[in-house]
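Novice: Pasted the sequence and its predicted model underneath.
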Amino acid sequence: MKLGIRPLAAIALAATVFFSGCGGSAAPEPPAGTADRTYRLEAFMIGYFGQGGEIDGRKNPVLHAHAGETVEIIMINGERMVHDVALRRHRARSEIIVEKGAVTRVVFVAQFNDTYYCTIPGHLEAGMAGEFVVIEASPDLTANNR
Ligand SMILES: [Cu+2]
């Protein structure tokens, strides 16, 4: 019975390590430009605006990736205002930037559908949110490619 305490202590310790690992401290990010997909968003209080490619000029564009791909979102501040970009379910978050023209980024491995948004209080409500969608591979297409 005396030994009964030790497994509990081990579980408590493991839980502490697990939860502290989810505290927002991101894994080391790969060097810029090495992601499978890179999206550029210009941040304004009223929303994120896509820069370049299919999302160019679109407000809060839907961002896509296949599961397992490394996704990089580069965020450029479009105004002198505090902004960041975060993904709730992926537990990924950029640094907060303030100056107009300042740049930050968030990198994560696509796992599931999510929402990207600004964590500053009131900004999501003001319009700073968009969808991240994992592209489902069609079984038919997969079969045809083999
Ligand atoms: Cu913001």
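Specialist: Received it, and whenever you're ready, just let me know what you need.

Novice: Spit out the contact partners of residue 137.
Specialist: Applying C-beta atoms under 8 Å, 6 or more residues apart in numbering to residue 137 gives the contacts residue 66. Every residue, glycine included, has its C-beta placed from N, CA and C.

Novice: count of residues packed around the residue lying closest to residue 49 once chain neighbours are set aside?
Specialist: Residue nearest to residue 49 in three dimensions, not counting chain neighbours: residue 42, with 4.7 Å by C-beta to C-beta, 6 or more residues apart in numbering. As a burial measure, residue 42 scores 18 neighbours (other C-beta atoms under 10 Å).

Novice: What's the separation between residue 106 and residue 129?
Specialist: 14 Å (C-beta to C-beta, to the nearest Å).

Novice: how about the helices in the protein?
Specialist: Under the criterion DSSP state H, the chain contains helices at 5-20, 123-126, 139-144.

Novice: Spatially nearest residue to the most centrally placed residue in the chain (excluding sequence neighbours)?
Specialist: For the chain, the residue nearest the mean C-alpha position is residue 87 (3.7 Å; C-alpha atoms, centre = their mean). Distance criterion C-beta to C-beta, 6+ apart; nearest residue to residue 87, sequence neighbours excluded, is residue 114 at 4.7 Å.

Novice: these two touch, right, residue 94 and residue 77?
Specialist: No: with contact defined as C-beta atoms under 8 Å, residue 94 does not reach residue 77; the gap is 10.8 Å.

Novice: which parts of this structure sit against the ion?
Specialist: 83, 118, 120, 123, 128 (C-beta under 5 Å from the ion).
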